[in-house]
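> Quick check, what structure comes out for this input:
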Amino acid sequence: MESARHVFRVFFLLLVAVVVVVLGRSLLVPRSYGAYGPYRFDNVAEQAAARVPQHGGAASCGACHAERLKAVGAGAHAKVSCEICHAPLAQHAKGTTKIADMRIDRSFTLCARCHRKIDGRPAGFPQIDLGQHQGGVEGKACIECHDPHSPKL
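So this is what the prediction gives:
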């Protein structure tokens, strides 16, 4: 009978430990932790509220550059946001006030990211074998020959 008391005490201690762990976890771990992955989901909204968005989208560029936006909207890059090739809007303007010149990514790799010939891309998408295009364009800026807002020659 003496051993039964020891077994009872061990099970009682295990039960207390489980209750403490479950209760402690419910009090210490936020409710949104694990809802959509291994992070606290509420933090996403908190970070978005704490940091001002840097990107404004093509519509925000149209406030000052309506003609350019209209030309781009009719061209091959109509669905490409201005900020893909240019810097984020927040680096160029605050509201309607220009704070700095707009940076432009003139690198070869920017165009190659979308237009490098890859077998998995749709056949109708303009792809270029960069090693054979105009005798090899590796490292040259595509905008030396192409207007990015209307890229056909």
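> going forward, measure contacts between C-alpha atoms and count neighbours the same way
Will do.
> so what are the domain limits for the chain?
Per automatic domain parsing, the structural domains of the chain span 2-50, 54-103, 105-153.
> got those domains as CSV, with mean pLDDT columns?
Formatted as CSV, those follow (pLDDT from 0 to 100):
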stretch, mean pLDDT
domain 2-50, 89
domain 54-103, 81
domain 105-153, 77
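> now the ones you listed in JSON lines, with mean neighbour count?
Putting those into JSON lines (neighbours: other CA atoms under 10 Å) gives the following:
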{"stretch": "domain 2-50", "mean neighbour count": "11"}
{"stretch": "domain 54-103", "mean neighbour count": "15"}
{"stretch": "domain 105-153", "mean neighbour count": "13"}
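> Please, where are all the strands along the protein?
93-94, 97-98 (DSSP state E).
> Make TSV out of those and add distance to Ala49.
TSV is the format used below for the strands of the chain (distance: least, CA to CA, whole Å):
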stretch	distance to Ala49
strand 93-94	18
strand 97-98	23
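> out of those strands, which comes closest to Asp119?
Checking those against Asp119 by CA to CA gives strand 93-94 as the closest, at 39.8 Å.
> Partner strands of the closest one and their direction?
strand 97-98 (antiparallel) (DSSP bridges).
> Contacts for the partner strand, please.
His92 (CA atoms under 8 Å, 6 or more residues apart in numbering).
> Compute the distance between the residue lying closest to Gln91 once chain neighbours are set aside and Phe12, please.
In this structure, Gln91 finds its nearest non-sequential neighbour in Ala100, 6.8 Å apart by CA to CA, 6 or more residues apart in numbering. The gap separating Ala100 from Phe12 is 70 Å, by CA to CA, to the nearest Å.
> Check Pro38 too.
Pro38 is 33 Å from Phe12, by CA to CA.
> Also Ala66?
Counting by CA to CA - Ala66 and Phe12 are separated by 75 Å.
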